[in-house]
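Engineer: Sharing a sequence plus its predicted fold:
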Amino acid sequence: MRGVIAFVAVAGASLGMMGGSVAQSDPDPARNSPDRQSWELFMTVNANVAGGGNNNALFESWASDGDTFRTSPVWPSGAAAMQIGPRALSLAFQRAHPRFTPEVLPGGAALVGEETRRNKPDFDFIVQNNLFKVSGLKTAFAASKPIAFPVDSMEVKANWVEVDRLKEFNGFSGTPIEAAAAYHVNSTGGKQYALVSFHIISRLVPDWTWATFEHEDNPGRCDVIGCKDSFGAVDAYVAPLSPVESQTHYPGCAKTPAVLALFAQAHVDPAFANYCLKGSQSNFTDSSGLAIRLGNSVTEQSFVAQSSCMTCHGRAGFDADGRPTTSGGFDPTSIGAPPGTGNAPVGPINSSWREGDPMRFGLPADFVWSVPFCAIDDATEPPETKSRLCSSK
Ligand code: HEC
């Protein structure tokens, strides 16, 4: 008994119990306060960087998929050029669901462009373990060694709309100068682009942190699943006005004093104040066992109702030939049953369990979909030198 009391006293001291008051230190903010964690990561990845030219947010100086998935990966030096390609997920979704009507792209060119950026620890891990090429994935599968990214890994997937085409996107009718005040704007090839949406993931916890942000003027921002931000938004929950994806315009997300205090300390483009956290995901199900849904109105456009970041990314894996085991996570069971049926399988594990010894048919890529999706095929003749699906993003 004495020993137990002594232990409690020591534990109390290490937690900072002084004069009866308990220190407010949270041992696991990523799980206990996911929305706060999401906003802290927001300030980190968007911090101003010197010498970046137009690419002045930190994440814009990181390596793109095109820098990573190529014969000789290179970390970008100086001002990294924008890398905007078509939305890879809409291509994967169409392949898996042939009857799905593709997005209508005004003017023939995609209205929304996309890029992925990863920080140096994340990039180095992929390069050092040869995870950027199919031959490396085959070796990894044969070794059966679990893939575990370093805890300081971070990735951002961002969507951009050309400033001249914002009107088509959401009716914005301001001048380019007004656009640059309202949006984080970057330019490439003589054209200006406005940031409309972005995902941030980090390896702070073994199954990563998942956050998605949207510009407050995105049409249909809170459709289908609502918007949830218990840290930064005065209205912690905004109910969906439409059960399907629509062009509904939602009021801006008025910010709490707590998040404004983070903005006041951070050095970010002032336009970032116009972005809202749509939600954070830190588990597959809620405590009542229901599958959690989180999807961005732009990035997961057309499947927000079935989107679970963790479930789909939990299925990122490759087989003995170094090929992805599903088409971008889309297969009949991976992202759930049709909306409304409520019986979606949850978690990352294939539901077709059988009796007998378990058999490995895919090695998980530690939730990082770009590994199996973008790896260059160096096993064919002639070998692929850059990724067909990801080299431009
Ligand atoms: C149905 C499957 C699916 C869902 C749901 C999904 N993703 Fe992804 N995600 C992918 C695929 C496939 C890629 C790689 C291709 C690409 O870049 O689009 C990817 C790429 C990414 C990347 C770039 C790094 C990486 O892992 O390759 C990030 C970051 C990301 N997703 C975050 C999210 C977040 C946050 C959510 C939830 C709001 C989400 N994703 C929902 C399939 C999915």
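Structural biologist: Good, I have the coordinates.

Engineer: residue boundaries of the strands in the stretch 151-300 of the chain?
Structural biologist: Using DSSP state E, counting those that start in this stretch, the strands found in the stretch 151-300 of the chain span residues 154-162, 185-188, 191-202, 209-215, 227-228, 237-238, 275-281.

Engineer: Out of those strands, which gets the lowest mean score?
Structural biologist: Mean pLDDT is lowest for strand 185-188 out of those, coming in at a mean of 90.

Engineer: Which elements pack onto it?
Structural biologist: On a contact count with 3 or more Cβ pairs under 8 Å, 6 or more residues apart in numbering; DSSP states H and E, strand 185-188 meets strand 191-202. The C-beta positions use only the backbone N, C-alpha and C, and glycine is treated the same way.

Engineer: For the strand it packs on, which residues meet the burial criterion?
Structural biologist: 192-202 (16 or more other Cβ atoms under 10 Å).

Engineer: quick one: residue 369 and residue 313 touch, right?
Structural biologist: Yes. Counting by Cβ atoms under 8 Å, residue 313 is a contact partner of residue 369 at 5.7 Å.

Engineer: Redo the buried residues of strand 191-202 as JSON lines? Include distance to residue 216.
Structural biologist: Below are the buried residues of strand 191-202 laid out as JSON lines (distance: Cβ to Cβ, whole Å):
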{"residue": "192", "distance to residue 216": "19"}
{"residue": "193", "distance to residue 216": "18"}
{"residue": "194", "distance to residue 216": "13"}
{"residue": "195", "distance to residue 216": "12"}
{"residue": "196", "distance to residue 216": "10"}
{"residue": "197", "distance to residue 216": "11"}
{"residue": "198", "distance to residue 216": "14"}
{"residue": "199", "distance to residue 216": "17"}
{"residue": "200", "distance to residue 216": "17"}
{"residue": "201", "distance to residue 216": "22"}
{"residue": "202", "distance to residue 216": "24"}
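
Engineer: Going by distance to residue 88, which of those residues wins?
Structural biologist: Using Cβ to Cβ, residue 199 is the member of the buried residues of strand 191-202 that sits closest to residue 88, with 12.9 Å.

Engineer: Would you mind naming the residues that bridge with that closest one?
Structural biologist: residue 157, residue 212 (DSSP bridges).

Engineer: And the pLDDT at residue 100?
Structural biologist: 47.

Engineer: same thing with the one 3 residues further on?
Structural biologist: The predicted local distance difference test score for residue 103 is 45.

Engineer: re earlier: in JSON lines, list the strands of the stretch 151-300 of the chain along with distance to the ligand.
Structural biologist: Compiled in JSON lines, those are given as follows (distance: least, Cβ to the nearest ligand atom, whole Å):
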{"stretch": "strand 154-162", "distance to the ligand": "4"}
{"stretch": "strand 185-188", "distance to the ligand": "18"}
{"stretch": "strand 191-202", "distance to the ligand": "4"}
{"stretch": "strand 209-215", "distance to the ligand": "4"}
{"stretch": "strand 227-228", "distance to the ligand": "12"}
{"stretch": "strand 237-238", "distance to the ligand": "16"}
{"stretch": "strand 275-281", "distance to the ligand": "6"}
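
Engineer: Quick check: phi and psi at residue 36.
Structural biologist: Per-residue torsions, residue 36: phi -60, psi -40 (degrees, to the nearest 10).

Engineer: Might you report the residue contacts of it?
Structural biologist: Each residue near residue 36 by Cβ atoms under 8 Å, 6 or more residues apart in numbering is listed here: 29, 231, 258.

Engineer: tell me the contacts of the second one?
Structural biologist: Each residue near residue 231 by Cβ under 8 Å, 6+ apart is listed here: 33, 35-36, 38-39, 256, 258-259, 277.

Engineer: let's see 7 Å
Structural biologist: Taking Cβ atoms under 7 Å, 6 or more residues apart in numbering, we find residue 231 in contact with 33, 35-36, 39, 256, 258-259.

Engineer: Among those, which lie within helices?
Structural biologist: When the contacts of residue 231 are checked against helices (DSSP state H), the matches are 35-36, 39, 258-259.

Engineer: Quick check: the gap between the nearest residue to residue 238 once chain neighbours are set aside and residue 380.
Structural biologist: Counting by Cβ to Cβ, 6 or more residues apart in numbering, the nearest residue to residue 238 once its immediate chain neighbours are dropped is residue 227, at 4.3 Å. Distance from residue 227 to residue 380, counting by Cβ to Cβ, to the nearest Å: 44 Å.

Engineer: Report the buried members of the contacts of residue 231.
Structural biologist: Buried members of the contacts of residue 231, counted by 16+ other Cβ under 10 Å: 33, 35-36, 39, 256, 259.

Engineer: nearest to residue 175, of those?
Structural biologist: residue 259 (28.7 Å).

Engineer: Quick check: that closest one touching residue 39?
Structural biologist: Yes. Applying Cβ atoms under 7 Å as the test, residue 259 and residue 39 come out as touching, 5.5 Å apart.

Engineer: between the two, what contacts are shared?
Structural biologist: What both residue 259 and residue 39 touch, as defined by Cβ under 7 Å, 6+ apart, is the set 231-232.

Engineer: how close does residue 219 sit to the ligand?
Structural biologist: Per Cβ to the nearest ligand atom, to the nearest Å, residue 219 is found 18 Å from the ligand.

Engineer: meant to ask about residue 68, not that
Structural biologist: From residue 68 to the ligand the distance is 10 Å (Cβ to the nearest ligand atom).

Engineer: that older thread, got the contact list for the residue nearest to residue 238?
Structural biologist: The neighbours of residue 227, taking Cβ under 7 Å, 6+ apart as the test, are 221, 238, 276, 278-279.
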